[in-house]
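Participant: Need coordinates for the following:
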Amino acid sequence: MKYFSMPSDFKCETINRYDELNKTYDDSKVTETYGNITVGNVFGSGRLVSQMPKIDLNDLRKYIEYSRERGIDFNYTINAPTMQNKEFFPDSVRQIVDFLGTLYAAGVRSLTVTLPSMIELVQSTGFDFKIKASTICQVTNANRAMAYKDMGVDKIVVDESINRDFTKLRTIRDAFGEKVEVIVNQICPLNCIYRMFHYGMIAAEPLGTANNVSVNYYEHRCVLQQYKTIDHLLKLSWIRPEDMKYYKDIGIRYFKLQGRHTIRKNGDPVRTVECYMKEDYDGNLMDLLTMFAVMNSFKIVVDNKKLDGYLKPFVELENFCRGACSSCNYCETFARKCIDYEEAGKVIQLARDFYRQYDQYTQLLDSINAEFEGREKQYETVRESEILMLKSKPQDTGDFDF
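Facilitator: This is a model prediction of the structure:
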């Protein structure tokens, strides 16, 4: 059995379609959708509020009630990697507890949380919330998984960086139990240096300390990382529908699809999850990963069917991938089978040119540095004056008394 957690668009029509899929497929079920309010929200999550549907508490209450009538639960996301220390001050703790009570009254019974301090806070309230540890918790081994289990967490979402490390996944599954969830349509590059800092910027948005420059910075760097080389598209942390069998074989039953930000770009989560239910998709893998939403104008076609067999050595050979791409050409060799390298090269060059030309952070730095242009001599003069003053001071030659 496969159980799916889906990003919520808060539409009853979508719930109806999930309900139809649940009745059609005996071995697959959409068990929950997830998300958070965006109107009156003061607590961050793993997505920018500005990129999600406008939803208030009343909308949330109606949506949860409608979903539950069709056997689909809702999980509320409070999974920012920082609360700006709000969970440690009396007034803001009162605000958080009051908000949790409001969520409970609206029908919320499960939460996705990142911070251990927030997990303890939620548990202290007495509300019977089930807690899912977010992928932002960076669960990459059994010890970390058990640390969250010892805290009373009901389910964990493992870090996407280990999606192809079957030894680690199996060890975590054996230690934690069946409620281990993996994200299947992840498009973040493996071991991306920007990832945690990107989440930190997102957490700052409800407080008004994120702006267009910061959003632009991380989104541009993300695309440039994806398009660093053509074969980098194979190094993203995705899982193909056809490869779900390998995860089921080691006891993974829970799967999550990310993409709340694609909803406002006409993404199709229902079509996407059905491909994973059928374990079959014939088309451009990049379209599937973005839930068929058009995220930018720089489209590269990765023929999903030509990726058959790509994952096998990761499954069958322990430590097959050592994270040292400079000494291995496996992904490049496979990429040439499923990507038109000439066309992809043109697209990548266009993307690089565009993102470099219209990068707001680079423009900001250039404009500020232009203000200081020609001041090197001024700083040198100040420094020379300081040196002369020091030389002119009488030196203390007295004995030191210890």
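
Participant: all contacts plus neighbour counts: C-alpha atoms, from now on.
Facilitator: OK.

Participant: which intervals of the stretch 151-300 of the chain have sub-threshold pLDDT?
Facilitator: Low-confidence regions of the stretch 151-300 of the chain, defined by pLDDT under 70, span residues 207-208.

Participant: could you pull out the strands for it?
Facilitator: Remark: strands of the stretch 151-300 of the chain, listed N- to C-terminal, are 155-157, 180-183, 254-256; assignment by DSSP state E, counting those that start in this stretch.

Participant: Let me have these in CSV, extended by distance to N36 and mean neighbour count.
Facilitator: Written out in CSV, the entries for the strands of the stretch 151-300 of the chain read as follows (distance: least, CA to CA, whole Å; neighbours: other CA atoms under 10 Å):
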stretch, distance to N36, mean neighbour count
strand 155-157, 18, 25
strand 180-183, 19, 23
strand 254-256, 16, 23
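
Participant: Same list, those, but as a markdown table with distance to A133 please.
Facilitator: Formatted as a markdown table, the strands of the stretch 151-300 of the chain follow (distance: least, CA to CA, whole Å):
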| stretch | distance to A133 |
| --- | --- |
| strand 155-157 | 5 |
| strand 180-183 | 10 |
| strand 254-256 | 13 |
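
Participant: among those strands, which is nearest T102?
Facilitator: Nearest to T102 among the strands of the stretch 151-300 of the chain is strand 155-157; the distance by CA to CA comes to 23.1 Å.

Participant: Show me which positions of stretch 238-248 end up buried.
Facilitator: For stretch 238-248, a neighbour-count test (16 or more other CA atoms under 10 Å) marks 238-244, 247 as buried.

Participant: Nearest to R170 among those residues?
Facilitator: Checking these one by one against R170 (CA to CA), the nearest turns out to be Y247, at 8.9 Å.

Participant: Would you quantify the distance from that closest one to V97?
Facilitator: Applying CA to CA, to the nearest Å, the value for Y247 to V97 is 38 Å.

Participant: Equivalent analysis for I368, please.
Facilitator: 43 Å.

Participant: quick one, which of these two is more surrounded?
Facilitator: Relative neighbour count places V97 above the other of I368 and V97, with 17 against 10, counting by other CA atoms under 10 Å.

Participant: Once you drop chain neighbours, what's closest to the more buried one?
Facilitator: Taking CA to CA, 6 or more residues apart in numbering, and ignoring the residues beside it in sequence, V97 has T125 as its nearest neighbour in space, at 6.9 Å.

Participant: Which pLDDT value belongs to that neighbour?
Facilitator: You'll see T125 listed with a pLDDT of 97.

Participant: For it, what are phi and psi?
Facilitator: phi -70, psi -20 (degrees, to the nearest 10).

Participant: Next, work out how far apart it and Y194 are.
Facilitator: The spacing between T125 and Y194, counted by CA to CA, is 35 Å.

Participant: Which parts of the stretch 1-150 of the chain are strands?
Facilitator: Going by DSSP E, counting those that start in this stretch, the stretch 1-150 of the chain shows strands at 2-7, 28-35, 73-78, 110-113, 130-133.

Participant: The nearest residue to T272 once chain neighbours are set aside: neighbouring residues, count only.
Facilitator: For T272, the nearest residue in space outside its immediate sequence neighbours is M291; the separation is 5.6 Å by CA to CA, 6+ apart. Here the neighbour count serves as a burial measure; for M291 (other CA under 10 Å) it reads 26.

Participant: what's near enough to touch M291?
Facilitator: For M291, the contact set (CA atoms under 8 Å, 6 or more residues apart in numbering) comprises 259, 262, 267-269, 271-272.

Participant: what does I187 give?
Facilitator: Residues in contact with I187 (CA under 8 Å, 6+ apart) are 226, 236-238, 289.
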